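Chemist: Need a 3D model of the sequence below.
(chains A and B)
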There are 2 protein chains.
Amino acid sequence: MSKQERVVLRQDESGCCPTLLAAPMDEDRAVDLAKVFKALGDPVRLRLLSMIASRAGGEICVCDLTPAFELSQPTISHHLKLLKQARLIDSERRGTWVYYRLVPETTDRLSAVLTRPSEPATTTGATS
Amino acid sequence: MSKQERVVLRQDESGCCPTLLAAPMDEDRAVDLAKVFKALGDPVRLRLLSMIASRAGGEICVCDLTPAFELSQPTISHHLKLLKQARLIDSERRGTWVYYRLVPETTDRLSAVLTRPSEPATTTGATS
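Modeler: Residues are numbered from 1 along each chain as shown, chains lettered A, B, ... in the order given. Sure, this is the predicted structure:
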């Protein structure tokens, strides 16, 4: 995900989020979704997202994120940029500092994508 | 994830799945969880998982997976191995072929991890 553009998770015809588990996923949707999961596929980014999402008040200053990691400010900024490109977080500059907040619509969609469909697949065919 | 060992997602004290969004995640949990998200961070693996999970009967022969992709059998096998190492799928050899099935406990946990806590964070502190 070297480009600057944001990922937009496609919606199905109902305007919501087709689960990964109910029907084979088409290639375009898989490409979009993989970018978001890839953004989550790093422990530093998961911890950053967790710190941002759980912050009382709903947002956190970058100045409070950096000291929690033994990493340089540019490295933290790079991870935050990848989370932002995946639309997992958003940011706002106010004065000297940038403040980050969760984009709950994205995590809601990911959670829905991983939810088993309420109707199980027809159990025809061989099972062990 | 070059090693062969499987990822085991850690449980919290209640035996379940702490959400990523309720409290800052510790480093060990983040390392485990990132491996599973990383396994999902590829469109071919997402499509493979989707085909496996949605198959009537709950399992699919590798001989039915390969023709859906313009990729070599070793490449498909490599992606399947990564999904299996992340415990997203399991496999069983019967005769000539290997059959794959979803490990729903893993996707259930990921879905839970991405679910917002029912109680919103206390809204003290600055909001825009």
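Chemist: Could you check the angle the one helix or strand residue A:32 maps to makes with helix B:27-40?
Modeler: Assigned by DSSP states H and E, residue A:32 falls within helix A:27-40. Counting by axes from the mean of the first three to the mean of the last three C-alpha atoms, to 10 degrees, helix A:27-40 points 160 degrees away from the direction of helix B:27-40.
Chemist: relative to helix B:27-40, how tilted is the helix or strand following helix A:27-40?
Modeler: Downstream of helix A:27-40, the first helix or strand assigned by DSSP H and E is helix A:43-53. Here helix A:43-53 runs at an angle of 110 degrees relative to helix B:27-40 (the same axes, to 10 degrees).
Chemist: which secondary structure elements does helix A:43-53 contact?
Modeler: helix A:27-40, helix A:62-65, helix A:73-85, strand A:97-102, helix B:27-40 (3 or more C-beta pairs under 8 Å, 6 or more residues apart in numbering or on different chains; DSSP states H and E). Quick note: C-beta positions are derived from backbone N, CA and C, even for glycine.
Chemist: Kindly reformat the ones you listed as TSV containing mean neighbour count and mean pLDDT.
Modeler: Output for the helices and strands packed on helix A:43-53, formatted as TSV (neighbours: other C-beta atoms under 10 Å in any protein chain shown; pLDDT from 0 to 100):
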stretch	mean neighbour count	mean pLDDT
helix A:27-40	20	96
helix A:62-65	16	94
helix A:73-85	17	97
strand A:97-102	19	96
helix B:27-40	20	96
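Chemist: right, is stretch A:93-101 up against chain B?
Modeler: Yes: judged by C-beta under 8 Å from any C-beta of the partner chain, stretch A:93-101 comes into contact with chain B at A:94, A:99.
Chemist: How far away from the center of its chain is that stretch?
Modeler: Distance of stretch A:93-101 from the chain centroid (C-alpha atoms, centre = their mean, to the nearest Å) equals 20 Å.
Chemist: end to end, how far does that stretch reach?
Modeler: 12 Å (C-alpha to C-alpha, to the nearest Å).
Chemist: Output the helices and strands packed on helix A:43-53 in TSV; the columns should cover distance to residue B:91.
Modeler: Written out in TSV, the entries for the helices and strands packed on helix A:43-53 read as follows (distance: least, C-beta to C-beta, whole Å):
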stretch	distance to residue B:91
helix A:27-40	21
helix A:62-65	40
helix A:73-85	32
strand A:97-102	36
helix B:27-40	15
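Chemist: Relative to residue A:116, which of these is closest?
Modeler: Closest to residue A:116 of the helices and strands packed on helix A:43-53, according to C-beta to C-beta: helix B:27-40, at 15.6 Å.
Chemist: Of the helices and strands packed on helix A:43-53, which is nearest residue A:46?
Modeler: So among the helices and strands packed on helix A:43-53, helix B:27-40 is nearest, using C-beta to C-beta, at 4.4 Å.
Chemist: Dump the C-alpha coordinates for that closest one into PDB.
Modeler: Provided in PDB are the C-alpha atoms of helix B:27-40 (Å, rounded to 0.1, in the frame of the first residue of the first chain):
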ATOM      1  CA  GLU B  27       2.700  -6.700  23.200                       C
ATOM      2  CA  ASP B  28       2.500 -10.500  23.400                       C
ATOM      3  CA  ARG B  29      -1.200 -10.500  22.400                       C
ATOM      4  CA  ALA B  30      -0.500  -8.000  19.700                       C
ATOM      5  CA  VAL B  31       2.200 -10.200  18.200                       C
ATOM      6  CA  ASP B  32      -0.100 -13.300  18.100                       C
ATOM      7  CA  LEU B  33      -3.000 -11.400  16.700                       C
ATOM      8  CA  ALA B  34      -0.900  -9.600  14.100                       C
ATOM      9  CA  LYS B  35       0.200 -12.900  12.600                       C
ATOM     10  CA  VAL B  36      -3.500 -13.900  12.000                       C
ATOM     11  CA  PHE B  37      -4.400 -10.600  10.500                       C
ATOM     12  CA  LYS B  38      -1.200 -10.800   8.300                       C
ATOM     13  CA  ALA B  39      -2.400 -14.100   7.000                       C
ATOM     14  CA  LEU B  40      -5.700 -12.400   6.000                       C
END
